[in-house]
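> Kindly generate the corresponding structure for this input.
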Amino acid sequence: MNQRLIAACIAVPGALALIVYANLARLPYATYSPAGTVDVLGSDSQGTPIVDVSGHKTYRDDGELRMTTVSVTSACADDACWLPLSQLIGAWTDGDKAVYPYDAVHAPEETAESSRAEGALQMATSQDSAVEVAMREMGIDVPQVVKVAALTEGKPAVGKLEVGDVLRTVDGAPVSSTDELVRLITRGDGDEAVRLGIERDGDERTVEITPVVEDGRRLIGITPGLDYDFPFEVKLNISPNIGGPSAGLMFSLAVYDTLTPGSLTGGRSVAGTGEIAPDGTVGPIGGIQQKIAGAREAGAQLFLVPEENCADALAADNAGDMRLMMARTMHEVRVALDEFADDPAASLPSCEDAR
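Numbering: from 1, shown residues only. A predicted model of the protein is given here:
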């Protein structure tokens with residue numbers, strides 16, 4: 001047997017074994033991939049406007065404000081959702097995808113179900129903040145209210161209160177903050193009942209609850225949270241399959257554009273991302289490289305990048321002809337978009353400025 005044949009006999013089985021390993025062996029990594037965009041100035045699959053307003057005049061005009069999404073490999077309690085080496089290599093060599101250690105993406109006890117639940121909660125919170133910021137940008141006062149954010153199983157409030165109930169008074173005293181709510185409930189004696197004035201689905205009612213005493217404190221078993229008393233209704237009709245807080249900036253801009261005359265984009269396509277805080281500050285997000293890729297493929301002309309993501313956005317270098325604009329606050333973005341609407345070549349806050 002000649003040397004070439006011997007080498008082939010050794011190499012071929014090794015290559016086959018490597019191919020099998022690459023396709024079967026699962027490694028503790030997760031991937032980020034572009035997952036498309038949604039024009040939040042448009043309508044959902046049922047034809048309902050994504051920004052759905054009741055009680056205020058709306059202005060539907062040309063242009064697009066596109067929220068961007070990322071597909072992340074799912075979490076699981078064991079290694080069943082780890083990825084084969086062949087898939088990881090494919091993602092690593094794709095300029096629009098990214099590979100991260102599994103533990104850098106998912107918490108140790110995180111599951112697909114818990115991840116969806118957390119994402120849904122973050123989405124709901126970001127929508128409320130977005131609407132509040134948009135209204136405040138219009139000069140509309142939006143008072144804060146205290147709501148029931150969660151109920152504790154087995155405690156007295158279960159069956160008496162519901163998540164989302166607005167807590168107006170305790171024994172006739174107005175509730176102005178979560179701290180004030182706790183003080184009013186704990187000030188009584190022992191198991192003396194408290195009377196809560198609440199608002200549920202627009203109806204006001206009074207509920208009587210007898211607290212339990214634990215570690216010397218009177219408890220009714222709720223987790224309170226701050227919400228907003230909006231002067232009119234704004235719903236954001238987004239697919240429940242999309243979660244997380246990163247669309248806050250785009251939601252806020254879309255609500256503002258819908259409630260005010262004229263096109264905020266000048267009839268052009270603007271995409272972006274960024275978590276929105278109640279004071280209008282734009283916070284960083286994950287997956288900036290994939291979101292830029294999704295916006296580029298959707299034909300956006302301008303992409304809004306949170307200031308803290310600018311370095312990664314520039315390093316990704318995958319925007320093509322799309323401009324990258326730095327986003328620090330909703331107000332600054334709104335003013336810059338007014339200039340962009342008048343002149344798409346206007347000087348705008350740049351990610352280069354963040355350096």
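
> what residues go with each domain of the protein?
Annotated domains of the chain cover 31-72+83-100+112-140+231-354, 144-228 [automatic domain parsing].

> For the chain, give me the ranges with low pLDDT.
1-25, 77, 355 (pLDDT under 70).

> which ones are touching the residue most central in space within it?
Nearest to the mean C-alpha position of the chain, by CA atoms, centre = their mean, lies P245 at 1.6 Å. Contacts for P245 were tallied using CB atoms under 8 Å, 6 or more residues apart in numbering; they are 122-123, 125-126, 275-276, 283, 285. Quick note: C-beta positions are derived from backbone N, CA and C, even for glycine.

> Most neighbours out of those, which is it?
I276 (32 neighbours; other CB atoms under 10 Å).

> So in terms of bridging, what pairs with that one?
On the basis of DSSP bridges, I276 is bridged to V282.

> isn't it right up against Q127?
No. Between I276 and Q127 there is no contact under CB atoms under 8 Å: 9.6 Å.

> D227 against D128, yeah?
Yes. Contact criterion CB under 8 Å: D227 and D128 qualify, at 6.3 Å.

> more neighbours, those two?
D128 (20 against 17).

> Could you dump the contacts of P245 into CSV and include distance to H331?
As requested, the contacts of P245 are arranged in CSV below (distance: CB to CB, whole Å):
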residue, distance to H331
Q122, 23
M123, 23
T125, 21
S126, 18
E275, 16
I276, 11
G283, 15
I285, 19
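
> just curious, which of those is nearest to N237?
The closest of those to N237 turns out to be M123 (CB to CB; 11.9 Å).

> which residues sit in contact with the closest residue to the closest one other than its chain neighbours?
Among residues not flanking M123 along the chain, G243 sits closest, at 4.9 Å (CB to CB, 6 or more residues apart in numbering). Residues near G243 by CB under 8 Å, 6+ apart: 115-116, 118-120, 122-123.

> Can you list the strands that the top strand by length along the chain pairs with?
Ranked by number of residues, the top strand in the chain under DSSP state E is strand 29-39. Applying DSSP bridges, strand 29-39 is found paired with strand 64-72 (antiparallel), strand 98-101 (antiparallel).

> Can you point out the buried residues in the very next helix or strand once past it?
Helices and strands here follow DSSP states H and E; after strand 29-39, the next one along the chain is strand 51-54. Buried residues in strand 51-54, counted by 16 or more other CB atoms under 10 Å: 51, 53.

> same deal with stretch 65-81?
Neighbour-count burial for stretch 65-81 [16+ other CB under 10 Å]: 65-70, 72-76, 81.

> just to revisit the earlier point, out of the strands paired with strand 29-39, flag the one nearest L302.
strand 64-72 (10.1 Å).

> can I get the CA coordinates of that closest one in CSV?
Taking C-alpha atoms only, strand 64-72 is exported to CSV below (Å, rounded to 0.1, in the frame of the first residue of the first chain):
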residue,chain,number,x,y,z
GLU,A,64,-41.9,55.1,8.3
LEU,A,65,-40.6,54.7,11.8
ARG,A,66,-39.2,51.2,12.0
MET,A,67,-38.5,49.4,15.3
THR,A,68,-35.9,46.7,14.9
THR,A,69,-35.8,43.2,16.3
VAL,A,70,-33.2,40.5,17.0
SER,A,71,-33.6,36.7,17.0
VAL,A,72,-31.7,35.2,20.0
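
> What residues sit buried inside the longest helix anywhere in the chain?
Ranked by residue count under DSSP state H, the longest helix found in the chain is helix 112-137. Neighbour counts over helix 112-137 (16+ other CB under 10 Å) mark 115, 119, 122-123, 125-137 as buried.

> ok, now how distant is V335 from R328?
The gap separating V335 from R328 is 11 Å, by CB to CB, to the nearest Å.

> neighbour count winner among the two?
R328 (17 against 13).

> Now the more buried one. Nearest residue, chain neighbours left out?
E307 is the one closest to R328 (CB to CB, 6+ apart), at 5.0 Å.

> for A247, same thing?
M67 (4.1 Å).

> would you list every one of the helices in the stretch 201-350 of the chain?
Remark: helices assigned in the stretch 201-350 of the chain by DSSP state H, counting those that start in this stretch are 248-259, 288-297, 310-316, 330-342.
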